[in-house]
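Peer 1: need coordinates for the following:
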Amino acid sequence: MVASSSNNREELKRVFEQYGRKDEQGNTRLDKEQLKNAFEYLGALMPGYKAASALKYIDTDNSGYIKGEELDALIEYAYGSGYR
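Peer 2: Numbers count the residues shown, from 1 in each chain. Model (predicted):
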C-alpha cells in the first residue's frame with residue numbers, strides 16, 4: 001500500500017516539530033542546527049546544505065528561524081525535494 005501525499009506531509013511535519021522548539025505561543029520554530037538535524041534524520045546526504053538552503057528560501061522575515069506559516073513552506077520544500 002502506498003502512503004498518500006497528505007500522510008507523507010504529516011510525517012514531515014512531525015519530524016520538523018520533533019526537532020524544533022516551541023515558542024511562547026506553542027508554535028514550532030527551527031534554527032539552522034535544528035534543521036540540519038532534521039534533514040540528517042530524513043537521510044539528506046548534505047544536511048547542513050539543505051538546512052542553509054531552506055533558511056535562505058523559506059525564512060521570509062530573515063529572523064534566522066523557520067516558524068509560523070514558514071513551517072508549511074518547509075514541509076512543501078522537503079516534500080518537493082523527495083523526502084517522504
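
Peer 1: show me the shaky parts of the chain.
Peer 2: Low-confidence regions of the chain, defined by pLDDT under 70, span residues 1-4.

Peer 1: all strands in it, in order from the N-terminus.
Peer 2: Under the criterion DSSP state E, the chain contains strands at 21-22, 28-30, 66-67.

Peer 1: buried deepest among those strands, which one?
Peer 2: Of the strands of the chain, the one with the most neighbours on average (mean count of other CB atoms under 10 Å) is strand 66-67, at a mean of 24. Quick note: C-beta positions are derived from backbone N, CA and C, even for glycine.

Peer 1: who are the packing partners of that one?
Peer 2: With contacts defined as 3 or more CB pairs under 8 Å, 6 or more residues apart in numbering; DSSP states H and E, the secondary structure elements packing on strand 66-67 are strand 28-30, helix 47-58.

Peer 1: tabulate those (CSV), appending distance to residue 20.
Peer 2: Below are these laid out as CSV (distance: least, CB to CB, whole Å):
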stretch, distance to residue 20
strand 28-30, 4
helix 47-58, 12
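
Peer 1: so for residue 15, which of those sits nearest?
Peer 2: Residue 15 sits nearest to strand 28-30 of all the helices and strands packed on strand 66-67, at 10.5 Å, using CB to CB.

Peer 1: helices or strands next to that closest one in the packing?
Peer 2: Contact analysis of strand 28-30 by 3+ CB pairs under 8 Å, 6+ apart lists helix 5-19, strand 21-22, strand 66-67, helix 70-80 as its packing neighbours.
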